[in-house]
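Trainee: got a structure for you, letters missing:
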């Protein structure tokens, strides 16, 4: 027997030759012949890809088996075959061919996804991908990634997502980008699908980078009111023309009302914004003739954009005695209260007082039920501008008027008229020491006052209660007349530094 090589298609196979005497039984000498099929370079052979196109005289079967990278073709001869007097060529008709050998591609994917993007595909680092296939073939999907902007957001054109091959031959890849847009052409999602075209060489180490930047908010054109504004500073007691401004989309409908906490007044009903998208509405705030602040609230309703404040709240002050002037006289045999507004940053509240025969003067933080801070008084050890206080007469809630005995010396906070310098001080020196200001004279506008009454307060005092009460308790002893008070501003001509 001899073996030769023959080349057919994309593989080679051996040729088997036997020398057999005439008349001899072939099968008894050589039951089978084994042909070895070898793939050409760049190809592979697989037993399952080959078959025999039989029958053939002298051959009972042909079987293909895998032997590593080779295929063995085993031919079994007919047991009745006898060698004739001449040479016999047995040619097998085999169906099949070698196929191109598979090549591979391998690489990694890295993506950086901004924190503003809510997506099921987070950032990743060096995620591997790979595939194998024949030269010239296209792989299945190497990888696919989808990134979605949050509801109400998109990627502007100048900051759109991107994919880049940073290492490798871009010509061997197919990159398909599938974007999703809104009706206004705003990018809200992107899908990347990547495949590979195989060469005749294995490839590894390729790298893809994906960048998903920060999203922007989709701006939805306004259809309603976008702004409702007006002054929020305190309104003067005498009233004012309060002006409110409405801005928004042309055609927006709205109504405005104003409330003082008790009564609500319509300012405008079902107004419609014009083409300018801007309108103003006036409300005349009447004078506050009471003794407390009024809280006003302007309210807008109708086509209002989400998140737009719909109320404006502000304070209207109550009337107070202007600084640097006389107060109304306090009548005889009566308790009279005067309300004063404090300054938000703190300050000095100062009065010059004149008794109407026998009168007590007190500064109370808050209403008449509040905390006593200053008092008038005759010369007495321990009794100062800051107390102690008589809590028997002229005090809430009893509001008792003094007896003659109490007013004439029984209670030392009642100062006397006519003026008795031995029993009473003007307290000018105490005022100067306590406040660093000076009252240069007790006579203003031809009226001579008996004593200085003051309270120096802080911003915290204002925050706790923003007003004070000057309470005057005037007796009914013989000779009593109306008591007099003069509010002094510090510094001014009557209160110097």
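Mentor: Okay, I see it. It should be emphasised that the depicted structure is a prediction, and the values quoted were computed from it without experimental measurement.
Trainee: and the top helix by length along the chain, what's its mean pLDDT?
Mentor: Scanning the chain for the longest helix, with DSSP state H as the assignment, gives helix 428-435. Averaging pLDDT along helix 428-435 yields 94.
Trainee: which helices and strands sit right next to it?
Mentor: Judged by 3 or more CB pairs under 8 Å, 6 or more residues apart in numbering; DSSP states H and E, the packing partners of helix 428-435 are strand 451-457. C-betas here are computed from N, CA, C, even on glycine.
Trainee: circling back: next secondary structure after the longest helix of the chain?
Mentor: Using DSSP states H and E, the helix or strand that follows helix 428-435 in sequence is strand 443-444.
Trainee: Pull the residues that contact that next one.
Mentor: By CB atoms under 8 Å, 6 or more residues apart in numbering, the residues outside strand 443-444 that reach it are 352, 449, 486, 494.
Trainee: mind listing what that strand pairs with, with the direction of each?
Mentor: Paired neighbours of strand 443-444 in the sheet (DSSP bridges): strand 447-448 (antiparallel).
Trainee: Tell me which stretches of the stretch 301-450 of the chain form helices.
Mentor: For the stretch 301-450 of the chain, applying DSSP state H, counting those that start in this stretch gives helices covering 404-405, 428-435.
Trainee: if I pick residue 464, what's in contact with it?
Mentor: Neighbouring residues of residue 464 by CB under 8 Å, 6+ apart: residue 365.
Trainee: ok so, going back, farthest-separated two in the contacts of strand 443-444?
Mentor: 449 and 494 (10.2 Å; CB to CB).
Trainee: For those two, indicate the residue with more neighbours.
Mentor: Neighbours were counted for residue 449 and for residue 494 using other CB atoms under 10 Å; residue 449 has more, 23 against 20.
Trainee: which phi and psi does that one have?
Mentor: Backbone torsions for residue 449, taken as degrees, to the nearest 10, come to phi -100, psi 160.
Trainee: quick one: contacts for it?
Mentor: Neighbouring residues of residue 449 by CB under 8 Å, 6+ apart: 352-354, 442-443, 484, 486.
Trainee: Kindly write the PyMOL command that selects the buried subset of those.
Mentor: Here is the PyMOL command that selects the buried residues among the contacts of residue 449 (16 or more other CB atoms under 10 Å):
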select buried, resi 352+353+354+442+484+486
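Trainee: Run through the stretch 201-350 of the chain and note the low-pLDDT ranges.
Mentor: Applying pLDDT under 70 to the stretch 201-350 of the chain flags the ranges 320-322.
Trainee: my guess is residue 491 contacts residue 439, does it?
Mentor: No: here residue 491 does not reach residue 439: they are 11.0 Å apart, not a contact under CB atoms under 8 Å.
Trainee: Quick check on these two: which one has the bigger neighbour count.
Mentor: Using other CB under 10 Å, the more surrounded residue of residue 491 and residue 439 is residue 439, with 23 against 12.
Trainee: So what's the residue count around the closest residue to the more buried one other than its chain neighbours?
Mentor: In this structure, residue 439 finds its nearest non-sequential neighbour in residue 428, 5.0 Å apart by CB to CB, 6 or more residues apart in numbering. The local packing of residue 428 (other CB under 10 Å) involves 15 other residues.
Trainee: go on, residue 319?
Mentor: Applying other CB under 10 Å, we find 15 residues neighbouring residue 319.
Trainee: Same check on residue 205?
Mentor: Close neighbours of residue 205, defined as other CB under 10 Å, add up to 9.
Trainee: Roughly how far does it sit from residue 166?
Mentor: As judged by CB to CB, to the nearest Å, residue 205 and residue 166 stand 11 Å apart.
Trainee: And for residue 301?
Mentor: When residue 301 is compared with residue 166 (using CB to CB), they lie 58 Å apart.
Trainee: which of those two has more neighbours?
Mentor: Between residue 301 and residue 166, counted using other CB under 10 Å, the more crowded position is residue 301 (12 against 9).
Trainee: that older thread, just the contacts of residue 449: which are in strands?
Mentor: 352-354, 443, 484, 486 (DSSP state E).
Trainee: Show me what residue 217 bridges to in the sheet.
Mentor: Residues in a beta bridge with residue 217, per DSSP bridges, are residue 153.
Trainee: Wait, it touches residue 150, no?
Mentor: No: counting by CB under 8 Å, residue 217 stays clear of residue 150, with 9.3 Å between them.
Trainee: Out of the contacts of strand 443-444, which is nearest to residue 158?
Mentor: Nearest member of these to residue 158, counting by CB to CB, is residue 494, at 69.4 Å.
Trainee: need the contact list for that closest one.
Mentor: 324, 352, 439-441, 444, 486, 488.
Trainee: how near is it to residue 308?
Mentor: Taking CB to CB, one finds residue 494 at 51 Å from residue 308.
Trainee: Please apply the same query to residue 241.
Mentor: 24 Å.
Trainee: who has more neighbours, those two?
Mentor: Ranked by neighbour count (other CB under 10 Å), residue 241 and residue 308 place residue 308 first, with 15 against 8.
Trainee: Looking at residue 217 and residue 150, which is more packed in?
Mentor: The neighbour comparison of residue 217 against residue 150 (other CB under 10 Å) goes to residue 150, with 13 against 10.
Trainee: Going by neighbour count, list what's buried in stretch 90-101.
Mentor: Within stretch 90-101, the residues that count as buried by 16+ other CB under 10 Å are 94, 96, 98, 100-101.
Trainee: tell me the contacts of the residue most central in space within the chain?
Mentor: Residue closest to the mean C-alpha point of the chain, counted by CA atoms, centre = their mean, is residue 116 at 11.8 Å. Going by CB under 8 Å, 6+ apart, residue 116 touches 150, 153, 214-215.
Trainee: From those, list just the buried residues.
Mentor: Judged by 16+ other CB under 10 Å, buried ones among these: 153, 215.
Trainee: Present the contacts of residue 116 as CSV; the columns should include secondary structure and distance to residue 87.
Mentor: Below are these laid out as CSV (DSSP: H, G, I helix; E, B strand; the rest coil; distance: CB to CB, whole Å):
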residue, secondary structure, distance to residue 87
150, coil, 85
153, strand, 85
214, coil, 85
215, coil, 84
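Trainee: Would you indicate which residues of stretch 23-38 are buried?
Mentor: For stretch 23-38, burial by neighbour count (16+ other CB under 10 Å) applies to 26-27, 33, 35, 37-38.
Trainee: and what of stretch 224-243?
Mentor: Residues of stretch 224-243 classed as buried: 224-226, 228, 230, 235, 237, 242 (neighbour count, 16+ other CB under 10 Å).
Trainee: And stretch 344-356, by the same measure?
Mentor: Buried residues in stretch 344-356, counted by 16+ other CB under 10 Å: 347-356.
Trainee: what does stretch 222-231 contact?
Mentor: 242-249, 251-252, 254, 273, 298, 300, 302-305, 308-310, 312, 314.
Trainee: Give me the buried entries from those residues.
Mentor: 242, 244, 246-248, 252, 254, 273, 298, 300, 302-304, 312, 314.
Trainee: From those, pick the one nearest residue 22.
Mentor: Set against residue 22, the nearest of the buried ones among the contacts of stretch 222-231 by CB to CB is residue 303 (113.8 Å).
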